[in-house]
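1. fold the following, please.
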Amino acid sequence: MDAKKIIELRRQAEKAVEDMRDGEFKLKAFEVILNHLLSPGKAEPILESSEVPKAKPGGHKAADKDLESIAGRILVLKDENFMKTPKTIGEIRAELQAHGWHYPVTTLSGELIRLVQKRKLRRQKVKVGNKLIWQYTNP
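-> Numbering: from 1, shown residues only. This is a model prediction of the structure:
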């Protein structure tokens with residue numbers, strides 16, 4: 001199979017899962033669909049029931065969060081230990097952009113305050129030069 005055909009099949013698999021939430025299930029669905037496309041002669045079903053990832057009971061892991069919400073995406077960064085050290089709103093925005101999630105600072109500020117009020121994050125005022133800025137960290 002040539003490289004152009006493989007790239008086309010990969011794009012088809014990406015298109016098939018593009019409307020799914022990011023996470024373990026989306027990754028597994030992509031793998032299964034791509035494998036099916038790469039070996040079309042097989043007569044087995046695309047998704048076996050044993051291949052469906054099981055929900056994890058209790059706890060709030062990154063895969064369990066509502067990745068459609070800004071707060072959920074910020075908490076993903078927290079779970080990845082991004083906020084182990086204090087981060088400014090600009091640094092948080094840049095990391096969200098690295099994940100492909102683009103938001104204006106004005107939108108992020110309100111969500112960060114809500115997360116602080118819910119005690120999911122902590123913030124502290126730090127003097128940098130002549131300015132006082134807020135930095136956010138894990139509680």
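2. domain-wise, how is this protein divided?
-> Domain assignment for the chain, taken from automatic domain parsing, gives 3-51, 62-137.
3. which parts of the protein are helices?
-> Ranges of helices in the chain, per DSSP state H, are 3-17, 24-38, 70-79, 89-98, 105-117.
4. what is the burial count for the residue nearest to Gly90 when sequence neighbours are not counted?
-> In space, and not counting its chain neighbours, Gly90 is closest to Val105: 7.1 Å by Cβ to Cβ, 6 or more residues apart in numbering. C-beta: built from backbone N, CA, C; applies to glycine. Val105: 12 surrounding residues under other Cβ atoms under 10 Å.
5. list the contacts for Val105?
-> Val105 sits next to 89-90, 93 when contact means Cβ atoms under 8 Å, 6 or more residues apart in numbering.
6. who's in contact with Arg123?
-> So Arg123 contacts 112, 116, 134-137 (Cβ under 8 Å, 6+ apart).
7. could those residues go into JSON lines alongside neighbour count?
-> Listed next are the contacts of Arg123 as JSON lines, based on neighbours: other Cβ atoms under 10 Å:
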{"residue": "Leu112", "neighbour count": "21"}
{"residue": "Val116", "neighbour count": "15"}
{"residue": "Trp134", "neighbour count": "16"}
{"residue": "Gln135", "neighbour count": "18"}
{"residue": "Tyr136", "neighbour count": "23"}
{"residue": "Thr137", "neighbour count": "15"}
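8. dump these to a markdown table, plus pLDDT and distance to Ala29.
-> Shown next, in a markdown table, are the contacts of Arg123 (pLDDT from 0 to 100; distance: Cβ to Cβ, whole Å):
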| residue | pLDDT | distance to Ala29 |
| --- | --- | --- |
| Leu112 | 95 | 32 |
| Val116 | 95 | 35 |
| Trp134 | 94 | 39 |
| Gln135 | 95 | 38 |
| Tyr136 | 95 | 33 |
| Thr137 | 94 | 35 |
